[in-house]
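# dropping the sequence and predicted coords here.
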Amino acid sequence: MTLPKVTRDVSQKSYLGASAIFASLGLTSGGWGPVLPWLADKHSLEIGTVGITLFVLNAGALSGILLTQYLVKHKTILWFIRIGIITFAFGFTGIVLGPQFSYVLIAAFFAGFGFGVLDVGLIQAITRSDNRSSVKINFANAVFGIGAILGPLLVAVLTAQYLPGIMISTVIIAALALLLLSGLNWKIEVHSKQEQVVRDKPMLTIFVIGIAFYVGLEVSAGSWLPTLMQERTGSLETGAITGALFYLMFTIGRIVATPLSHKLSAETLLLGSVSLAFPVVLIAIFFDEISPFAIAAMGLLIGPVFAAASDWIAVRTPGDPLATTLLMLAAMSGALVLPPAAGFILQSQGASVLPIILAPILLVSLACFSYMIRHWRKVM
């Protein structure tokens, strides 16, 4: 007796709910720009010390991703999203309401854990569903970027005293989006070892390094650009506006990539984005007076990278969700190490060195993507 084939589709209703959660994830990510100096003021800490929060957050995210990979064959997408929402909401509420910095760090781990589970679960669903499309992948990433704009923009408009309310409202919206996700009650398809495409481990390693440095670049720029502007102007709200500008440009890049994905291959978008970003970073280094705006312009060019990478690796590793998990592990590893390290450098050298920090990070990512795309075997 032949069992009926399980349909692994993402319905329009579920896609709407997933997009709302992506927007919430984006808002909390973009919000870190003003949150870091806000935490420093609240707890009377140096900015480098507060940067440890990013390390703990991404350590939690790595844990969430590893749990997702371990249970991917046994639990449904909806199960992962429910667990992710609970820990995400608990964690971000604790970050903004914690009375002591030690409580903030504990909450950051839970927030990161939920973020990791949600991010990898939703990306697995969108990139490996039966009705996947490059347009949907790019649009979901664009929605994340829209949320990332709103985070610092709301802080700038409402002022920093409303920052806790902004974050708590965001996690409530993410929780309400669960009501739309009944269509995701299915498991990721995992092929048997005999059916799987043989993994090209050296190329996967280069891919992981490239993604890690790319995400490290994105998070470092988005998290510390407001600090650079605050150092120059003395205003947290002005810094938040600059952070919103970065994510606005970043999101425009993702939105533009959505129609371009019809005409350009994923590798063209991927390599073209990081290649064009490098001259802009050099402008930020050599023209200090416009460096914040050059970094924001860099956001426009790197916007398409993550969606293109998600699409590219999914096509080359059919039936192997580990590859998408590696994408997320690489992303969180880059966010785990590079932004906190950048924070300590900024603390000792001043925020004006931010472009000098970003340049080598981008260069490593560019080298990895260039080599990987040139040498990875073609999928027939």
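Structure's in. What do you need?
# could you use CA atoms for every contact and neighbour count after this?
Fine.
# buried residues in the longest helix seen in the chain?
Longest helix in the chain by number of residues, with DSSP state H as the criterion: helix 201-233. Going by neighbour count (16 or more other CA atoms under 10 Å), the buried part of helix 201-233 is 203-204, 206-230.
# one more: stretch 124-137?
Taking 16+ other CA under 10 Å as the basis for neighbour counts, the residues of stretch 124-137 that come out buried are 124-129, 132, 134-137.
# make CSV out of the residues you listed and add secondary structure, pLDDT and distance to Met328.
Compiled in CSV, the buried residues of stretch 124-137 are given as follows (DSSP: H, G, I helix; E, B strand; the rest coil; pLDDT from 0 to 100; distance: CA to CA, whole Å):
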residue, secondary structure, pLDDT, distance to Met328
Gln124, helix, 77, 10
Ala125, helix, 79, 13
Ile126, helix, 80, 14
Thr127, helix, 74, 13
Arg128, helix, 69, 14
Ser129, coil, 70, 17
Arg132, coil, 68, 18
Ser134, helix, 70, 18
Val135, helix, 73, 20
Lys136, helix, 75, 18
Ile137, helix, 75, 15
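# what two of those residues are the furthest from one another?
Taking CA to CA, the two most distant members of these are Gln124 and Val135; they sit 15.3 Å apart.
# burial measure for Ser235, as a count.
Ser235 has 14 neighbours, counted by other CA atoms under 10 Å.
# what about it, distance to Val155?
Taken as CA to CA, to the nearest Å, the spacing of Ser235 relative to Val155 amounts to 12 Å.
# lowest confidence element among the helices and strands of the protein?
helix 305-316 (a mean of 81; mean pLDDT, DSSP states H and E).
# other SSEs contacting that one?
Helices and strands touching helix 305-316, as assessed by 3 or more CA pairs under 8 Å, 6 or more residues apart in numbering; DSSP states H and E, comprise helix 101-128, helix 134-158, helix 266-286, helix 321-349.
# now those helices as CSV including distance to Met249?
Formatted as CSV, the entries for the helices and strands packed on helix 305-316 read as follows, by distance: least, CA to CA, whole Å:
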stretch, distance to Met249
helix 101-128, 22
helix 134-158, 9
helix 266-286, 12
helix 321-349, 20
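# out of the ones you listed, the one nearest Gly299 is which?
Proximity of those to Gly299 was assessed by CA to CA; the nearest stretch is helix 266-286, lying at 8.2 Å.
# in that closest one, which residues are buried?
For helix 266-286, a neighbour-count test (16+ other CA under 10 Å) marks 266-267, 269-275, 277-278, 280-285 as buried.
# got it, and stretch 110-127?
Of the residues in stretch 110-127, those buried (16+ other CA under 10 Å) are 110-127.
# if I look at the closest residue in space to Gly98 that isn't next to it in sequence, how far off is Ala61?
Distance criterion CA to CA, 6 or more residues apart in numbering; nearest residue to Gly98, sequence neighbours excluded, is Val104 at 5.3 Å. Distance of Val104 to Ala61, computed by CA to CA: 16 Å.
# same check on Leu150?
Distance, Leu150 to Ala61, using CA to CA: 22 Å.
# these two: which is more packed in?
More crowded of Leu150 and Ala61, by other CA under 10 Å: Ala61, with 32 against 23.
# restricting the selection to alpha carbons, write stretch 124-144 to CSV.
Taking Å, rounded to 0.1, in the frame of the first residue of the first chain, the C-alpha atoms of stretch 124-144 are listed here in CSV:
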residue,chain,number,x,y,z
GLN,A,124,13.5,26.0,6.1
ALA,A,125,9.8,26.3,5.4
ILE,A,126,10.1,29.0,2.8
THR,A,127,13.2,27.6,1.0
ARG,A,128,12.2,23.9,1.1
SER,A,129,8.5,23.9,0.7
ASP,A,130,7.0,22.3,-2.4
ASN,A,131,5.8,25.7,-3.6
ARG,A,132,9.1,27.6,-2.9
SER,A,133,10.1,30.5,-5.2
SER,A,134,12.9,32.9,-5.4
VAL,A,135,10.4,35.8,-5.2
LYS,A,136,8.9,34.6,-1.9
ILE,A,137,12.4,34.1,-0.4
ASN,A,138,13.5,37.6,-1.4
PHE,A,139,10.2,39.1,-0.2
ALA,A,140,10.5,37.5,3.2
ASN,A,141,14.0,38.9,3.5
ALA,A,142,12.7,42.3,2.5
VAL,A,143,10.0,42.2,5.2
PHE,A,144,12.8,41.4,7.7
